[in-house]
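**Student:** Got a sequence here, can you build the structure:
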Amino acid sequence: MPLRVRLTLLFVLGTALVLAAAGVLFYALLRTNLRDSVDANLSTRMAVLVAQVPAAADPAGQLRAYGAGPAQLLRPDGSVAASNDSAGPGPLLGPGQVATALARPEWFTSGRLPEPGDDDDTEEARVLAVPVRTGAREEVLLVATSTDLTDSAEDRIRNIMVGATAPMVALAGLAAWLLSGAALRPVDRMRRQTAAISESDSSAELDVPATRDEIAALAATMNNLLRRLHAARARDRAFVADAGHELRTPLTNLKAELELAGRPARTRDELVDAVAGAAEETERLIRLAESLLALARMDSGITAPRRLDVADLLERATRAATGHAGTRHVHLRLDAAPGLTVDADPDMLRQAVDNLVANAIRHAPPGSTVDVRAGPGAAGPGAAGRTVVVRVRDRGPGFPTDFLPRAFERFSRADAARTRDHDATGTGLGLAIAAAVAQAHQGTTAAANNPDGGAVVTLTLPAAGGPDQAAPGGRQNHGMPALDPGADPRDRP
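**Tutor:** Okay, here's the model as predicted:
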């Protein structure tokens, strides 16, 4: 059911309930007020008669002369002792009612009051009866008045309210239909605009009403969402294009090697070289595919976070990289403070550290040292909590200055000055994966050149537990100061 119809039906139902409740309350109050008015009039008349009739020499004659309304004097057996012309000859109360009135003043509703000009018919009457002593006898003095006028007024009011409710409910429903249509018109316009936005329209946005209400806020929020979707789509397209470009080169090389191997009259050595080249290109394809899968997994978020000891993770990572470092005659040096913990996915964080260490080993000159350090980050003014800073430094040529702003972009590689052996083993995704890991854990990455030579890559993650971690002290260098990822590289030891 459309929202406009639901709103109209709810408004009609609410209006009907409100009108019914108000009508019942008004009718009850009107009836009570009319009854109180009648009772007040009877009480006044009774006060006059009580002051005159019992003290009169002829109570019956005094009562018969009373002309302000129906009045009677009844004996204890219910018979009429005296009655004026308005009350008629018959008793207005039955014997049981008379017995009750002899004990105390009482209000009654009687249907025995004769209609004016027609003694054979009676009408509803309100009766006030009080016990009085006339001479030596206890009798009941009563006054009455017809309720026809009040009953007619109540009936007219009730009929008017019932007759007016239906048109008022209908008008309320029409008003609700028009108002809901006007309120939902901007929403329908946004729906049509959203449906008309094509995949290729990267600048399309919804019109934001100038009303500064919830609809305008919804339009602004949807525009922000559209911008993020367009930016994400642009990044995905660029990523696919870059991935296709990176895959094309090893696939082309692999095809060429296989075609050369398939030519006739190839020697055994030439075939071995062709197979070795094909294996190298296949290995490059495998590394590139694994990197792409890792990025896709990181873009989907952290899958299994748990509390990790940073020093232990770095020790295992450097131990695993020792063999690769030995083949390049590079020494690894670990300096990590104990007690540092983070809440992270162990596989993702280990891959980020492995990428940083492998990148440093690749660009470190033979005989040099790669430093892997970890310490508590300095919580600056307004910081939400402590951080853990992991730094990896090599002593190679460093990053080209123009490469630093895009060091963590996907498929971004420095020129040959950064590549010691001028090989093409890198995929340009190592630092990008590290940045994706940091972002997935609400952390940051930074790249800089040390003034004393070499590149410094910093990975900063929120510390687990929030408050200060254990007192700094390295596994090899005790008393290591807190690392500030935002400080100038020359201020870092």
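**Student:** Please identify the buried residues of the longest strand seen in the chain?
**Tutor:** In the chain, with assignment by DSSP state E, the single longest strand is strand 118-134. Going by neighbour count (16 or more other C-beta atoms under 10 Å), the buried part of strand 118-134 is 122-123, 125-132, 134. C-beta: built from backbone N, CA, C; applies to glycine.
**Student:** now stretch 67-82
**Tutor:** 69-76, 80-82.
**Student:** quick one, strands of the chain?
**Tutor:** Listed in chain order (using DSSP E), the strands of the chain are 71-74, 80-83, 106-115, 118-134, 137-146, 306-309, 331-336, 341-344, 369-377, 387-393, 444-449, 455-462.
**Student:** Could you say which one of these comes nearest to A325?
**Tutor:** A325 sits nearest to strand 331-336 of all those, at 5.2 Å, using C-beta to C-beta.
**Student:** average pLDDT for that closest one?
**Tutor:** When the per-residue pLDDT values of strand 331-336 are averaged, the result is 92.
**Student:** and what of stretch 197-217?
**Tutor:** Over the span of stretch 197-217, the pLDDT mean works out to 75.
**Student:** May I have that stretch as PDB, with CA atoms only?
**Tutor:** Written as PDB, here are the backbone C-alpha positions of stretch 197-217 (Å, rounded to 0.1, in the frame of the first residue of the first chain):
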ATOM      1  CA  ILE A 197      20.900   8.400 -13.000                       C
ATOM      2  CA  SER A 198      23.000   6.200 -15.300                       C
ATOM      3  CA  GLU A 199      26.100   4.300 -14.500                       C
ATOM      4  CA  SER A 200      28.200   6.600 -16.700                       C
ATOM      5  CA  ASP A 201      26.800   9.800 -15.200                       C
ATOM      6  CA  SER A 202      29.500  10.500 -12.600                       C
ATOM      7  CA  SER A 203      28.400  14.100 -11.800                       C
ATOM      8  CA  ALA A 204      24.700  13.400 -11.300                       C
ATOM      9  CA  GLU A 205      23.200  14.600  -8.000                       C
ATOM     10  CA  LEU A 206      19.700  15.100  -6.600                       C
ATOM     11  CA  ASP A 207      18.100  18.400  -6.300                       C
ATOM     12  CA  VAL A 208      18.200  19.500  -2.600                       C
ATOM     13  CA  PRO A 209      14.900  21.400  -1.600                       C
ATOM     14  CA  ALA A 210      15.400  24.800   0.000                       C
ATOM     15  CA  THR A 211      13.100  23.800   2.900                       C
ATOM     16  CA  ARG A 212      15.900  22.900   5.300                       C
ATOM     17  CA  ASP A 213      13.800  20.000   6.600                       C
ATOM     18  CA  GLU A 214      14.200  16.200   6.800                       C
ATOM     19  CA  ILE A 215      13.600  15.900   3.100                       C
ATOM     20  CA  ALA A 216      16.400  18.300   2.300                       C
ATOM     21  CA  ALA A 217      18.700  16.400   4.800                       C
END
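**Student:** Just give me how far it sits from the chain centre.
**Tutor:** Counting by C-alpha atoms, centre = their mean, to the nearest Å, stretch 197-217 is centred 21 Å from the centre of its parent chain.
**Student:** residues making contact with that stretch?
**Tutor:** Stretch 197-217 is contacted from outside by 183, 186-187, 189-190, 193-194, 219-220, 222-223, 226-227, 230, 233-234, using C-beta atoms under 8 Å, 6 or more residues apart in numbering.
**Student:** same thing but 7 Å
**Tutor:** The contact list for stretch 197-217 (C-beta atoms under 7 Å, 6 or more residues apart in numbering) reads 186-187, 189-190, 193-194, 219-220, 222-223, 226, 230, 234.
**Student:** Tell me the one of these nearest A325?
**Tutor:** Using C-beta to C-beta, the shortest approach to A325 within the contacts of stretch 197-217 belongs to A234, at 38.9 Å.
**Student:** State the distance from that closest one to P405.
**Tutor:** According to C-beta to C-beta, to the nearest Å, A234 stands 19 Å off from P405.
**Student:** repeat for I286
**Tutor:** 30 Å.
**Student:** Where neighbours are concerned, which of the contacts of stretch 197-217 has the most?
**Tutor:** Neighbour counts for the contacts of stretch 197-217 (other C-beta atoms under 10 Å) peak at A219, which has 21 neighbours.
**Student:** What ranges in the stretch 1-150 of the chain fall below the confidence cut-off?
**Tutor:** The model of the stretch 1-150 of the chain has pLDDT under 70 over residues 111, 115-121.
**Student:** got a list of contacts for stretch 455-466?
**Tutor:** Around stretch 455-466, the neighbours that count as contacts under C-beta under 7 Å, 6+ apart are 307, 340-344, 352, 356, 363, 376-377, 385-394, 396, 398-399, 431, 434, 438, 441-450, 469, 485, 489.
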